[in-house]
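Colleague: Below: sequence and its predicted model.
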Amino acid sequence: MRELSLLDQTAFADLVQKTLDAEFDEEYPENGSFLKQERRGKLYWYFKGYEKSLSGGEGRRYLKYVGPVSDPAINGRVERFERVKVGYRVRREIASRLRAAGLPAPSRIEGAVLSGLSRAGIFRLRAVLVGSIAFQTYSALLGVPARIAKRLLSLARLHGSEAVIAARVAARVGHFAKADLVASQFVDLQEPDDALEIEVDHTPEEIVAEIRQRLGLS
């Protein structure tokens, strides 16, 4: 089994840390730049940026007034921005290296959506990402390319009929999701074809015990 090189594993850990350390400024995003323009004999700072399209590419460009070059506070902010932008370029270079090493990556649209959710603060509020996009992270955490990571994972799917799930949802108190949403969720459900199927109408302890027994861990 070919593992990721120690260099690539270190690069991934470095990327994770740099991403956590990055400070994003909604008013002046990293994909833009500051420039000076002269107006009536005086220099002023402007921010030149663009809005991201859903495809992840450049959208509408804009030019935003920031303030006079003579303002020390604004100059300090411009200097800080340049340092942050260098970190942004470094993160992109590391990500490119990791993709070349065989690690999966989200599509441009998926990346744009995840970035928007992150900037909105939902992960800071302990939201959890699940599904196929979340599975893409397993490869780097296991230290192997994506095609090998799939073989190392054992998935368990909790199975329940629509009637069972609807009854459970209806029994919940104070939850925003109502029982009438269950039918549409079953229509859109994509069932994995390589997962253990465990019936959901058991206690948590019984479910864990069955998973362990079927995986040979008990």
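Modeller: That came through, no problem.

Colleague: Run me through the strand neighbours of whatever helix or strand residue 60 lives in, direction for each.
Modeller: Using DSSP states H and E, the element containing residue 60 is strand 58-68. Counting by DSSP bridges, the strands paired with strand 58-68 are strand 42-52 (antiparallel).

Colleague: quick one: buried residues of the partner strand?
Modeller: For strand 42-52, the neighbour count (16 or more other C-beta atoms under 10 Å) marks 44-45, 47, 49, 52 as buried. The C-beta positions use only the backbone N, C-alpha and C, and glycine is treated the same way.

Colleague: coming back round to it: residues in contact with the strand holding residue 60: which ones?
Modeller: 28, 34, 42-53, 74, 78 (C-beta atoms under 8 Å, 6 or more residues apart in numbering).

Colleague: Now the two most distant members of the residues you listed.
Modeller: Greatest spacing in those, by C-beta to C-beta: 42 and 53 (35.3 Å).

Colleague: Can you list the residue ranges for helices in this protein?
Modeller: Secondary structure of the chain (DSSP state H): helices at 6-21, 72-100, 108-119, 132-135, 138-142, 146-152, 162-171, 182-188, 204-214.

Colleague: Comparing those helices by mean pLDDT, which bottoms out?
Modeller: Across the helices of the chain, the stretch with the lowest average pLDDT is helix 146-152; it has a mean of 66.

Colleague: Return the most buried member of the helices of the chain.
Modeller: When those are scored by mean count of other C-beta atoms under 10 Å, the highest mean neighbour count falls to helix 138-142 (a mean of 18).

Colleague: If you count contacts, what does it end up packed against?
Modeller: helix 146-152 (3 or more C-beta pairs under 8 Å, 6 or more residues apart in numbering; DSSP states H and E).

Colleague: mind running it again at 10 Å?
Modeller: helix 6-21, helix 146-152 (3 or more C-beta pairs under 10 Å, 6 or more residues apart in numbering; DSSP states H and E).

Colleague: I'd like to check which residues are in contact with residue 202.
Modeller: Residue 202 makes contacts with 158, 208-210, as judged by C-beta atoms under 10 Å, 6 or more residues apart in numbering.

Colleague: quick check, nearest of these to residue 139?
Modeller: Closest to residue 139, out of all of the contacts of residue 202 and judged by C-beta to C-beta, is residue 158, at 24.1 Å.

Colleague: Show the pLDDT at that closest one.
Modeller: Looking at residue 158, its pLDDT is 86.
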